[in-house]
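Colleague: No sequence on hand, only this structure:
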C-alpha cells in the first residue's frame, strides 16, 4: 500500500472506530509502528486533529470535525516532480520548460518552510548528465516506489541504507552503504554511495535495487563525490 492510500485508510479507520491504537492501525494497514508514527505526524501537518491519550485504555482519536487544510504534498512527491523535469531537461526532451518550472514553483509554495528546507537539502544530492551511447539499456527494469521515501530519510539524516542489489549478471547481494548522491543519466538512474566494506564509491542502478530501508543509529559524514565531465548538480528551484 502506498503512502497516500495508507494515510487515507488511517483517517477512515479513525473516523469509523473513534479510538484506535498504533498497533491496531499498523495491523490494519500492514505497516510498522515506525511507519504509523510517521504517517500520524504527516496527517497532523495536513490539518487533521489527532489526539493521543496515553496509558491503559488510551489511544488515538480523530476530531470528528477535523478536515485536511493543507495541500497533501510530501517532500518526496515534489522531489519526484522536480527530478522528472530535471531528467527530461538533461535528455533535451522537455517542451514547455518555462510552464513546467512555473508550475513547480507554485507547488513548492504550498510546502511549509521546514519542508522547503528539506527539499533544498534533498536537491543538493541530485546530479544529472548524459548517458554514454555505448551503455546497454536493453535490460532496463522498473524502480521500486519505496526508493524515494527511504532515500529521503537516509539522505536528510545521513543514515545508512540497506537494500538488496541485483548486478548485471543477475547475482543478488545485500548491501549496506552511505548514500552520497543520486545521478540521473536518462533513462538510467543511479544511487552513488560509499561502500564501507569495499572502502570505495559504488554506483548502483536504481532499477536493480529492492527492499530499501534506512538504518537507525550511527550517522556518517558527507564525502566529496567526483563525477565525470558533463555531470552537473541540478539547479535549485525553491525560492
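Modeller: Arrived safely. Remember, it's a predicted structure, so these values are computed and weren't measured experimentally.
Colleague: mind listing what's buried in stretch 17-31?
Modeller: 20, 22, 25-26, 28-29, 31 (16 or more other C-beta atoms under 10 Å). Quick note: C-beta positions are derived from backbone N, CA and C, even for glycine.
Colleague: End to end on that stretch, go ahead and measure it.
Modeller: 19 Å (C-alpha to C-alpha, to the nearest Å).
Colleague: quick one, helices of the chain?
Modeller: Per DSSP state H, the chain carries helices over the ranges 3-17, 22-29, 33-45, 75-90, 97-109, 113-123, 147-157.
Colleague: starting at the chain centroid, how far to the shortest one?
Modeller: In this view, helix 22-29 has its centroid 22 Å away from the chain centroid, taken as C-alpha atoms, centre = their mean, to the nearest Å.
Colleague: before we move on, what about stretch 137-148?
Modeller: Averaged C-alpha coordinates place stretch 137-148 at 14 Å from its chain's average position (C-alpha atoms, centre = their mean).
Colleague: for that stretch, how far is the first residue from the last?
Modeller: Rule used - C-alpha to C-alpha; the end-to-end distance of stretch 137-148 is 22 Å.
Colleague: Provide the contact partners of it at residue level.
Modeller: For stretch 137-148, the external contacting residues (C-beta atoms under 8 Å, 6 or more residues apart in numbering) are 2, 76, 79-80, 131, 187-189, 206-212.
Colleague: so residue 125 touches residue 155, yeah?
Modeller: Yes: Residue 125 is within contact range of residue 155, at 5.2 Å (criterion: C-beta atoms under 8 Å).
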